[in-house]
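>>> Sequence and predicted structure, then a few things I'm wondering about:
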Amino acid sequence: MTEKINAEYVAKNLPECTKFASLIRDQFGDDTKMIWAKENGHELGKQSSNGERVQRVSDIDLTPMRTAKELREDGRRGK
């Protein structure tokens with residue numbers, strides 16, 4: 001029997017892709033869509049074939065950046 005592909009399936013089998021998609025939606029709005037995802041041997045959607053660049057999530061540094069306020073405070077402390 002084939003598993004039904006729904007939000008629960010995607011969250012369970014592609015957890016990093018799910019986290020990334022959530023971060024992108026938070027920043028750019030709900031109209032943003034992930035058109036292709038591949039993780040843990042699961043693949044959804046279709047990889048672009050029209051010359052668009054495909055970015056691997058594993059190659060992206062998702063470390064939160066410091067806010068402007070934190071940068072100013074660090075500057076005052078000489079960090």
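Looks like it arrived, so ask away. Numbers count the residues shown, from 1 in each chain.

>>> any idea which element the residue sitting nearest the centre point of the chain lies in?
Nearest to the mean C-alpha position of the chain, counting by Cα atoms, centre = their mean, stands residue 20 at 1.9 Å. Assigned by DSSP states H and E, residue 20 belongs to helix 15-28.

>>> Pull the distance from that helix to the chain's centre.
Helix 15-28 sits 4 Å away from the centroid of its parent chain (Cα atoms, centre = their mean, to the nearest Å).

>>> any chance you could map the strands in the protein?
Remark: strands assigned in the chain by DSSP state E are 36-39, 42-45.

>>> Does anything pack onto the first one? Which helices or strands?
Helices and strands touching strand 36-39, as assessed by 3 or more Cβ pairs under 8 Å, 6 or more residues apart in numbering; DSSP states H and E, comprise helix 15-28, strand 42-45. For the C-beta atoms, the positions are set from N, CA and C on the backbone; glycine is no exception.

>>> which stretch among the strands of the chain comes nearest residue 73?
Proximity to residue 73, assessed across the strands of the chain by Cβ to Cβ, is greatest for strand 36-39 (37.4 Å).

>>> Quick one: mean pLDDT for the closest one?
Taken as a whole, strand 36-39 has an average pLDDT of 88.

>>> For that strand, buried residues please.
When burial is assessed from 16 or more other Cβ atoms under 10 Å, strand 36-39 yields the following buried residues: 37, 39.

>>> Show the low-confidence segments of the chain, by residue range.
Residues of the chain that meet the criterion pLDDT under 70 lie in 1-2, 51-57, 62, 77-79.

>>> Need the distance between the two termini of stretch 44-58.
With Cα to Cα, to the nearest Å as the measure, stretch 44-58 spans 17 Å from end to end.
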